[in-house]
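Student: next come a sequence and a model predicted from it.
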Amino acid sequence: MFEIYRKHADRYDELVRSEDYENNLGQFLQNLLDWNNIQVIEAGVGTGRVTKLYIEQVASAVCYDQSQHMLDYARQALFLYKPKLTFRKAENTDLPKLDRVFDVFIEGWSFGHTAMGCSTVEEVQRVTEVLISNAARNLKPGGTIIIMETLGTNTELPVPPHENLRKFYEELEQKHDFTSHVIRTDYRFPTNQEAAQVMGFFFGDSMEQSVINRANNIIPEWTGIWTKKI
């Protein structure tokens with residue numbers, strides 16, 4: 001998947017365009033807070049799929065990603081909102097201190113990759129401290145942090161698909177006092193064959209075969225959302 005982030009933004013966007021066909025994530029975010037005329041920081045912007053859920057309402061957004069390839073794609077995908085947007089390349093563990101304060105920090109399916117790169121439980125704990133500190137450092141008092149990560153794709157129950165993710169989520173809830181929520185963000189494709197091809201390209205051969213065996217164009221997915229006001 002990291003190779004995809006570096007070189008295949010178009011194929012990745014093909015995947016996420018089919019995600020959350022019932023717009024459960026969009027509805028959740030709208031119910032969570034008032035997005036009108038606020039200032040947002042987004043990490044792991046990718047191709048701008050999450051950005052599109054809020055950008056019409058907000059005053060501005062500063063969007064980060066470690067991949068210049070993804071940033072270039074997002075800049076084109078969100079061209080209509082160019083006056084509101086600033087794009088910057090940065091690692092999740094090295095987000096800079098800015099010269100103004102913001103209302104919301106949001107990230108989706110990005111901090112989890114950072115956590116999965118850790119080799120020990122202790123490293124997950126240290127990295128989580130850094131990620132949360134970076135998320136909070138540019139927020140005004142009362143600002144909101146929103147972290148969205150996977151609880152499984154093509155599974156029947158919400159379960160962290162990696163031990164480091166389980167520990168990361170545990171750290172968010174038990175040490176950093178985040179409130180957790182679980183929603184469905186199912187994929188819907190025109191056909192089962194297209195579902196298998198697109199999901200197989202991103203998740204690998206075992207996912208492709210599993211989707212084929214499902215024989216359905218709707219693929220279940222669970223998303224965890226962790227929120228906190230600082």
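Tutor: Everything's here; your move.
Student: in this structure, what residue spans correspond to helices?
Tutor: For the chain, the helices defined by DSSP state H cover 2-7, 9-16, 24-32, 68-77, 111-116, 121-136, 163-174, 192-203, 205-214.
Student: buried residues in the second one?
Tutor: When you say that, I think you mean helix 9-16. Going by neighbour count (16 or more other Cβ atoms under 10 Å), the buried part of helix 9-16 is 9, 12-16. For the C-beta atoms, the positions are set from N, CA and C on the backbone; glycine is no exception.
Student: try the fourth one
Tutor: By 16+ other Cβ under 10 Å, the buried positions in helix 68-77 come out as 69-71, 73-74, 77.
Student: next one: it to chain centre, how far?
Tutor: Helix 68-77 sits 16 Å away from the centroid of its parent chain (Cα atoms, centre = their mean, to the nearest Å).
Student: and for the second one?
Tutor: Averaged C-alpha coordinates place helix 9-16 at 14 Å from its chain's average position (Cα atoms, centre = their mean).
Student: tell me what it is packed against?
Tutor: helix 2-7, helix 68-77, helix 192-203 (3 or more Cβ pairs under 8 Å, 6 or more residues apart in numbering; DSSP states H and E).
Student: reformat these as a markdown table; add mean pLDDT.
Tutor: Listed next are the helices and strands packed on helix 9-16 as a markdown table, based on pLDDT from 0 to 100:
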| stretch | mean pLDDT |
| --- | --- |
| helix 2-7 | 62 |
| helix 68-77 | 95 |
| helix 192-203 | 93 |
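Student: and the ones you listed as a markdown table, adding distance to Thr185?
Tutor: Shown next, in a markdown table, are the helices and strands packed on helix 9-16 (distance: least, Cβ to Cβ, whole Å):
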| stretch | distance to Thr185 |
| --- | --- |
| helix 2-7 | 19 |
| helix 68-77 | 19 |
| helix 192-203 | 13 |
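Student: of those helices, which is nearest Val121?
Tutor: Among the helices and strands packed on helix 9-16, the nearest to Val121 by Cβ to Cβ is helix 2-7 (22.5 Å).
Student: which helix or strand in the chain has the lowest average pLDDT?
Tutor: Least confident helix or strand, the chain: helix 2-7 with a mean of 62, by mean pLDDT, DSSP states H and E.
Student: out of the helices of the chain, deepest packed?
Tutor: Ranked by mean neighbour count under mean count of other Cβ atoms under 10 Å, these are led by helix 111-116, which reaches a mean of 21.
Student: now find how far off-centre it is within its chain.
Tutor: 11 Å.
Student: which other helices and strands does that helix contact?
Tutor: Using 3+ Cβ pairs under 8 Å, 6+ apart as the test, helix 111-116 ends up in contact with helix 121-136, strand 139-153, helix 163-174.
Student: with mean pLDDT and distance to Glu208 added, can I get these in CSV?
Tutor: Formatted as CSV, the helices and strands packed on helix 111-116 follow (pLDDT from 0 to 100; distance: least, Cβ to Cβ, whole Å):
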stretch, mean pLDDT, distance to Glu208
helix 121-136, 97, 30
strand 139-153, 98, 12
helix 163-174, 98, 22
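Student: please convert the ones you listed to JSON lines, extending it with distance to Phe203.
Tutor: Shown next, in JSON lines, are the helices and strands packed on helix 111-116 (distance: least, Cβ to Cβ, whole Å):
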{"stretch": "helix 121-136", "distance to Phe203": "22"}
{"stretch": "strand 139-153", "distance to Phe203": "7"}
{"stretch": "helix 163-174", "distance to Phe203": "15"}
